[in-house]
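Visitor: sequence plus predicted model, see below.
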Amino acid sequence: MKKRMLGNTGLEVTELCFGALPFGPLQKNLPLEEATAVLCAALEGGINFIDTAQIYKTYAPIREALQQTKKRPVIASKSPASTYEGMQEAIEEALNELNLDEIGIFHLHAARVGEDVFTERQGALECLYDNKARGRIKAVGISTHSVKVTALAATIEGIDVVFPLINQTGHGILDGSREEMEKAISRCVAAGKGVYLMKALAGGLLVDDYAQAVEYARSIPGCASIALGMVSKAEVEYNLDYFRGRKPATLPSLAVNKKQFIVVESLCAGCLECVEACPNHAIVDKAGKGFIQQEACLTCGYCVGACPQFAIRLV
Ligand code: SF4
Ligand code: SF4
């Protein structure tokens, strides 16, 4: 599989990054052994880049997979901490739970936060800079859904890596259009930032247009890698085949046959836009949050794109 340098970080990553959210407790919630086996298959298959986060709670299967495979992939994690102390705790937690002395990338986890993130989280940012100076992390980054934050990140010297949201249909992009996000990304690339992409499949919405959606993400100049979530060995194989240039047969039957949409309660902001978006009246207001009645759901996926919080997931 192709590898690319991640900006000026000195880190070389595979074009396919293992997104470690969907196999964890926020989504598929695979048992530890099964999650570890999925990740081992990805690492043995050549993927050398894992994206996780403090809130994903997936450090344990990553640690186990590193131990079993003896591989040393580039790992990116992130924390929503805003203070110096909070970020230090997040870094210590990651290093302890991953059983590592150093982690590749640590981001400000700032999915929906505005441009003031760099001032409001100055303490957390200083902590990341200090840990980089001490050799605890190799690169400092920010993960964001916002065009404005992506553009601003290009101007901030200490930011080494930017992890923005973009996809073919522009689902989930904040503060601007897909074209504006493309421009913001090109500014980051021109400034020497390492850029890798999230939500290329729009949280599962574009899975039926997999090739088109992935090719769109691949076509964005200067982007080193694309993070895709994988919850089974079949999905790992499918993605590996595609990124190695072999034509995969079909989408993994397991994922297609057993899919179920749920609202991740902890992510739901209670806007109830999904209730309106569901053409089958399968979503109801339950204690101020969206709730999918499985018996009425036809798994069309329309609600996924309607949710501004990406709180509706295919599991
Ligand atoms: S659209 Fe998303 S955030 Fe809004 S109520 Fe539905 S699940 Fe919750
Ligand atoms: S997947 Fe389709 S039918 Fe099911 S809750 Fe979402 S919009 Fe409604």
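Guide: Nice, thanks for sending it over. Ligands and ions are numbered 1, 2, ... in the order given.

Visitor: care to break the chain down by domain?
Guide: For the chain, automatic domain parsing gives the domain ranges 3-253, 259-314.

Visitor: need those domains in JSON lines (columns: mean neighbour count, mean pLDDT and distance to ligand 1).
Guide: Where C-beta positions appear, they are placed from N, C-alpha and C, glycine not excepted. Conversion of those to JSON lines gives the following (neighbours: other Cβ atoms under 10 Å; pLDDT from 0 to 100; distance: least, Cβ to the nearest ligand atom, whole Å):
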{"stretch": "domain 3-253", "mean neighbour count": "20", "mean pLDDT": "94", "distance to ligand 1": "11"}
{"stretch": "domain 259-314", "mean neighbour count": "17", "mean pLDDT": "86", "distance to ligand 1": "3"}
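
Visitor: can I assume G290 sits in a strand?
Guide: Yes - using DSSP: H, G, I helix; E, B strand; the rest coil, the assignment for G290 is a strand.

Visitor: verify the stated contact: it with R313.
Guide: No - using Cβ atoms under 8 Å, G290 is not in contact with R313; the gap is 11.9 Å.

Visitor: picking up where we left off before, of the domains of the chain, which is nearest ligand 2?
Guide: Closest approach to ligand 2 among the domains of the chain is made by domain 259-314 (3.2 Å; Cβ to the nearest ligand atom).

Visitor: so what's V162 up against?
Guide: Residues near V162 by Cβ atoms under 8 Å, 6 or more residues apart in numbering: 141-142, 144, 150, 153-154, 185, 188, 193-195.

Visitor: okay, and it sits in which element?
Guide: Assessed by DSSP states H and E, V162 sits inside strand 161-164.

Visitor: partners of that strand in the sheet?
Guide: According to DSSP bridges, strand 161-164 forms sheet pairs with strand 137-144 (parallel), strand 194-197 (parallel).

Visitor: quick one, the following helix or strand past that strand and strand 137-144 angle?
Guide: For strand 161-164, the succeeding helix or strand toward the C-terminus, using DSSP H and E, is helix 178-190. Using axes from the mean of the first three to the mean of the last three Cα atoms, to 10 degrees, the direction of helix 178-190 lies 160 degrees away from that of strand 137-144.

Visitor: where does helix 178-190 sit relative to the chain's centre, distance-wise?
Guide: 18 Å (Cα atoms, centre = their mean, to the nearest Å).

Visitor: likewise stretch 267-278?
Guide: 22 Å.

Visitor: begin at 17, not 1, for the rest of this chat.
Guide: All right, first residue 17 from here; so that's stretch 283-294.

Visitor: fine by me, we can end here.
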